[in-house]
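> Predicted model follows, preceded by the sequence.
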Amino acid sequence: MTDDKDDEIRELRARLEAIEARPKTLPVKRPMSGCLTFIIVAILGVVGLYVIGSIAGAIDEVETATGSTDWTPPDGFTPYRTDNGSWVAVEWSRPTRAECRTGGWCIAMNVVAKDACPRSLYASIKLLGEGGDNIGWTNDSAQGVDAGERVRLVFSTYEAGAKSAAIAEMSCY
């Protein structure tokens, strides 16, 4: 049984190295169920914080359009100039099980706007396939966003071929 766990840990580490080697992409997270969920949780318990910290580091490797700004975003966030010229800060994260109810895959994004977005904070992401081809998109939005307020956007889709995602459009009005 110990050999099986060692093999599973090696496989997870190999997958993690492959994810970390991808430039500016985010691995697609597919929902899990039943025994697979139990096995994954047990493995993470064995491997501990090392794997969790490494996976969290992979989330930062997401394609974002940046530029110079005099605004300092919160720690862990990447500045992003929106389509209408305003500034926001973006942090990609994993959605909770409750947030990802579609049965497909989903990813979450925390956003902090430099200035208020009283009408709408809108973001769409493009879905990238195995070879990096654009195979679709999904979006989310929030209304009445105050300056400096943290907003959580959750993107979900049933697109089976999605392997990664990147910001396609973002606006703050």
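That came through, no problem. Residues are numbered from 1 along each chain as shown.
> quick one, strands of the protein?
Along the chain, counting by DSSP state E, strands occupy 78-81, 87-93, 105-113, 121-128, 134-142, 150-157, 164-172.
> Partner strands of the third one and their direction?
Right, the one you point to is strand 105-113. Looking at strand 105-113 with DSSP bridges, its partner strands are strand 87-93 (antiparallel), strand 150-157 (antiparallel).
> now for those, which one comes closest to Ala165?
Nearest to Ala165 among the strands paired with strand 105-113 is strand 150-157; the distance by CB to CB comes to 7.0 Å. All C-beta atoms are positioned from the backbone trio N, CA, C, and that covers glycine.
> From Gly129, how far out is Trp71?
34 Å (CB to CB, to the nearest Å).
> between the two, who's got more neighbours?
Ranked by neighbour count (other CB atoms under 10 Å), Trp71 and Gly129 place Gly129 first, with 15 against 11.
> What residues of stretch 83-90 count as buried?
Within stretch 83-90, the residues that count as buried by 16 or more other CB atoms under 10 Å are 86-90.
> what's the first-to-last distance across that stretch?
The stretch stretch 83-90 measures 14 Å between its terminal residues, going by CA to CA, to the nearest Å.
> next one: stretch 94-107
6 Å.
> quick one: low-confidence parts of the chain?
Along the chain, the model assigns pLDDT under 70 to residues 1-2, 16-69.
> May I see the strands paired with strand 105-113 arranged in a markdown table, with distance to Arg13 as well?
Below are the strands paired with strand 105-113 laid out as a markdown table (distance: least, CB to CB, whole Å):
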| stretch | distance to Arg13 |
| --- | --- |
| strand 87-93 | 22 |
| strand 150-157 | 28 |
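> what's the most buried one of those strands?
strand 87-93 (a mean of 21; mean count of other CB atoms under 10 Å).
> quick one: that strand to strand 121-128, angle?
Angle, strand 87-93 to strand 121-128, by axes from the mean of the first three to the mean of the last three CA atoms, to 10 degrees: 50 degrees.
> What angle do strand 164-172 and strand 87-93 make with each other?
With the same axes, to 10 degrees applied, the angle from strand 87-93 to strand 164-172 works out at 150 degrees.
> circling back: I'd like to know which of the strands of the chain lies nearest to Arg15.
Once the strands of the chain are compared by CB to CB, strand 164-172 is nearest, at 14.0 Å.
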